[in-house]
Every structure is written in C-alpha cells, then in structure tokens.
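>>> Output the structure for:
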Amino acid sequence: SALYGNEYTDWSGQIHFQVWSDYAYGHTPNIQVSVGADWVLVGGGARTVGSGVGSYLTASYPNYGLTTWYARSKDHIDSDPHTLYVYAIGMKIDGVTPDYLRSHMQVFSGSSGSQTSYPTATASVTDGYLMIGGGGIDNWDSYPNAWGNMLTASYPYSSNTWKVAGKDHRRVSGSTVDAYAIGIQNISYPTVGYLQVSYTQGDVESAGIVTTDCTVPSGWAVTCSGGWLNWSGYGRMIMSIFPKENEPLSVREYSKDHTYSSSAHNYVYAMRLQKAI
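Predicted coordinates:
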C-alpha cells in the first residue's frame with residue numbers, strides 16, 4: 001500500500017484526512033488496503049482500469065474494525081483482465097486518540113436476503129449517530145456456476161441510510177448484496193466540539209463510458225465516495241467510484257454499458273465532514 005495524494009483538512013485545520021491505495025490485476029481481482037495506525041477509517045472507494053470491453057465493481061466496503069477498505073471487480077462474459085485500485089480514507093482529530101475516536105464509531109449493515117437478478121439492500125445508522133460513509137458488496141461468487149452480478153449503486157440514499165444495488169447482465173445470475181453505513185456519534189469531541197456531515201451530488205446522463213464528478217464546498221473534507229446508476233434498457237454497471245488524487249474536494253465515478261448501448265442518469269456522491277460552524 002502507499003499514500004495516495006497529500007493530507008488534507010476541513011476549514012478548521014483540526015480534522016485531518018489521508019488516503020491510502022493499493023492495486024491488483026486479473027479477471028476477478030480482490031484487494032484491500034488499511035489506513036495508518038494513527039488513523040481511523042471513515043470511507044473509501046475503488047477503480048477499475050482495463051483496455052477491453054469492460055470491467056466492473058462487485059465490492060467496495062469497510063471492515064467492522066474501521067481499519068481496512070476492501071474492493072473486488074470482474075470482467076463479464078468477454079475477457080478483460082484489468083487493474084483494480086482500492087482506496088481507504090483515514091481521519092484523525094487533534095487531541096483525540098484513534099482508540100477514543102473508534103470507540104465512538106460503528107459500522108451498521110443490512111442484507112438483501114433472497115437471491116435475485118436485481119438485489120438491493122440498505123443499512124441505516126441509529127439515532128445518535130451521523131453517517132459519514134458507506135459501501136457494499138455483491139455476493140455473486142457465492143453461487144456455483146454464476147456468470148456474475150455487478151454493482152449499479154452504492155450511495156447515500158438519505159442522510160442516515162446507505163443503499164446498494166446490483167444486476168446480472170446478458171446471462172441470468174441471481175445474487176445478494178450487503179450494505180454498510182459508517183456512523184460516528186453525534187457528540188462534542190475534545191478540541192473540535194461537534195461535527196457536521198452532509199453529501200454533495202453530481203450527475204450526467206449518457207451512454208457508453210461515462211465520467212461523472214462532484215466537488216464539495218470549500219471548508220468541507222471528503223470522507224467517502226458513492227455512485228448510483230438510474231439505468232434503463234439493457235442496463236449499465238459501475239466501473240469506479242473513488243476520491244480524486246490531490247483534489248481533496250472531489251470524487252469521480254465511471255460507468256459503462258456492456259455489448260448493448262444503454263443510457264442512464266449517472267449520479268456520483270461525495271460524503272463530507274467539517275467542524276460545526
């Protein structure tokens with residue numbers, strides 16, 4: 001693993017963030033990256049880079065210990081070996097130990113339940129918590145002889161709920177998905193006091209390979225990336241949702257149809273946090 005870009009802060013300069021990254025190569029790469037020992041995981045992202053017909057995300061999610069971000073991807077039917085990059089966003093607060101911060105955070109989860117071609121799931125933080133990030137996993141490889149089911153959504157559905165969705169494509173391949181929401185207790189923290197959280201949304205409507213960006217307002221800091229494809233017709237899948245290197249206010253999403261043209265409204269989301277004003 002390696003540092004990805006420079007350290008950044010919110011407007012106060014007291015809440016710090018750093019991104020770590022790693023990569024793997026193959027038809028179905030599976031990779032993880034951890035934040036530094038003095039940091040607490042608050043979010044992450046993943047990105048596929050290939051040169052063929054398409055490679056798509058099947059997982060981008062946190063561990064329960066808030067140390068590590070996981071990512072998985074796959075080509076689909078047609079061979080497209082590719083590089084998968086994973087990103088973990090860590091946070092620390094001046095005067096606050098990682099153990100103290102982690103003790104006031106929790107990962108909440110939810111599952112879609114039964115196997116289906118278009119699985120969806122949500123995870124919500126409970127009262128007293130602020131949602132600062134989230135992720136999801138499509139469990140397509142848990143089923144024998146599966147062609148594949150890929151992510152079409154992993155995003156903040158509301159201020160306290162993270163939503164995840166997947167789909168099969170060209171071949172029936174039912175699956176389940178799991179959603180994860182990262183919450184931080186809404187209390188006054190040493191040094192900084194209370195925190196504010198929100199998210200910014202960007203969108204583009206198009207077919208083919210689509211790039212969608214969003215930028216949070218000045219003074220805020222990005223904590224997690226998310227994306228949602230409001231697709232129609234044959235459908236399209238997410239290739240990448242990740243924080244942009246050395247652009248601490250920006251998140252990018254790539255999506256793509258496969259074999260058959262299919263437009264969609266492509267939404268990208270940047271979760272954001274700052275010291276309360």
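
>>> who touches Leu66 in this structure?
Leu66 makes contact with 40-42, 102, 105, 107, 182, according to C-beta atoms under 8 Å, 6 or more residues apart in numbering. Using the backbone N, CA and C atoms, a C-beta is placed for each residue, glycine as well.

>>> Just say helix, strand or coil for Leu101.
Classification of Leu101 by DSSP: H, G, I helix; E, B strand; the rest coil places it in helix.

>>> Is it in contact with Gly95, as I believe?
No - using C-beta atoms under 8 Å, Leu101 is not in contact with Gly95; the gap is 10.7 Å.

>>> picking up where we left off before, make a markdown table from the contacts of Leu66 and add distance to Met131 to it.
Formatted as a markdown table, those follow (distance: C-beta to C-beta, whole Å):
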| residue | distance to Met131 |
| --- | --- |
| Val40 | 15 |
| Leu41 | 14 |
| Val42 | 11 |
| Arg102 | 16 |
| Met105 | 11 |
| Val107 | 11 |
| Ile182 | 7 |
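
>>> Apply the buried test to those and list what passes.
Neighbour counting by 16 or more other C-beta atoms under 10 Å classes 40-42, 102, 105, 107, 182 among the contacts of Leu66 as buried.

>>> Just to be sure, Asp141 is in a strand?
No - secondary structure of Asp141 (three-state DSSP): helix, not part of a strand.

>>> So for Thr215, what's the pLDDT?
Note on Thr215: pLDDT of 97.

>>> Count the residues that sit near the residue lying closest to Val172 once chain neighbours are set aside.
Spatially, and ignoring its direct neighbours in sequence, Val172 is nearest to Ser117 (6.3 Å; C-beta to C-beta, 6 or more residues apart in numbering). Other residues near Ser117 come to 14 when the count uses other C-beta atoms under 10 Å.

>>> How about Ala59?
Close neighbours of Ala59, defined as other C-beta under 10 Å, add up to 27.

>>> Can you pull the phi and psi angles for the residue nearest to Arg170 when sequence neighbours are not counted?
Closest residue in space to Arg170, ignoring its immediate chain neighbours: Ile77 at 6.0 Å, by C-beta to C-beta, 6+ apart. Per-residue torsions, Ile77: phi 60, psi -60 (degrees, to the nearest 10).

>>> Now do the same contact list for Ile77.
Residues near Ile77 by C-beta under 8 Å, 6+ apart: 147-148, 170-171, 258-259.

>>> Alright, calling it a day.
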